[in-house]
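Enquirer: A structural model of the following input is requested.
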Amino acid sequence: MSTHDEVLKAAADLVAAFSSHNTNAYFAAFDENASFVFHNLDRRLLSRGEYEAVWAEWEQDGFKVLGCQSSAQHVQIISDNVAVFTHTVRTQLADGDGSIESGERETIVFHRVNDAWLGIHEHLSVDPTYA
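Expert: This next block holds a predicted model:
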């Protein structure tokens, strides 16, 4: 399998885990030292553990991922051990008040750890084309 295909598979596995609200598999797709920048938070999250704590708070408020579709995927290979994955996502969520849908663009920087590609940085922004 090519590096490009390995990164696409890692991204697909991550999205599938997120889409099914499989928190164990989702967070296992990230390095423990990963950082996260989300448009709906007022700060950066500087570790997977910090993100897991925020996720748990969201869940206490009724947060649950109901589904997620990925499109417009692009992989940029930086080196044998680093790749950048970008895509457009449409996510259906429960937020305690009902369900909502969002449209966002996401960048995930992956790095190879042994034979696995793990996310080391994620940046999520609002998709301005989403209506």
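
Enquirer: next structured bit after the helix or strand harbouring T86?
Expert: Using DSSP states H and E, T86 falls within strand 82-95. Downstream of strand 82-95, the next assigned helix or strand under DSSP H and E is strand 99-113.

Enquirer: could you say what helices and strands the helix or strand that comes right after that following strand packs with?
Expert: Using DSSP H and E, the helix or strand that follows strand 99-113 in sequence is strand 116-126. Counting by 3 or more Cβ pairs under 8 Å, 6 or more residues apart in numbering; DSSP states H and E, the packing neighbours recorded for strand 116-126 are helix 3-19, strand 30-38, strand 99-113. Yep, even glycine has a C-beta here, placed from its N, CA and C like the rest.

Enquirer: can you list the residues that contact strand 116-126?
Expert: 6-7, 10, 14, 29-31, 33-39, 83, 103-112 (Cβ atoms under 8 Å, 6 or more residues apart in numbering).

Enquirer: Show me just the buried residues among those.
Expert: Among the contacts of strand 116-126, those classed as buried by neighbour count (16 or more other Cβ atoms under 10 Å) are 6-7, 10, 14, 29-31, 34-36, 38, 83, 104-112.

Enquirer: Could you check how far T91 is from Y130?
Expert: 11 Å (Cβ to Cβ, to the nearest Å).

Enquirer: Which of the two has more residues huddled nearby?
Expert: Using other Cβ atoms under 10 Å as the criterion, T91 and Y130 rank with T91 on top: 20 against 13.

Enquirer: Neighbours of the nearest residue to the more buried one once chain neighbours are set aside, how many?
Expert: Take T91 and drop its neighbours on the chain: the residue closest to it by Cβ to Cβ, 6 or more residues apart in numbering is C68, 4.6 Å away. A count of nearby residues for C68, using other Cβ under 10 Å, gives 19.
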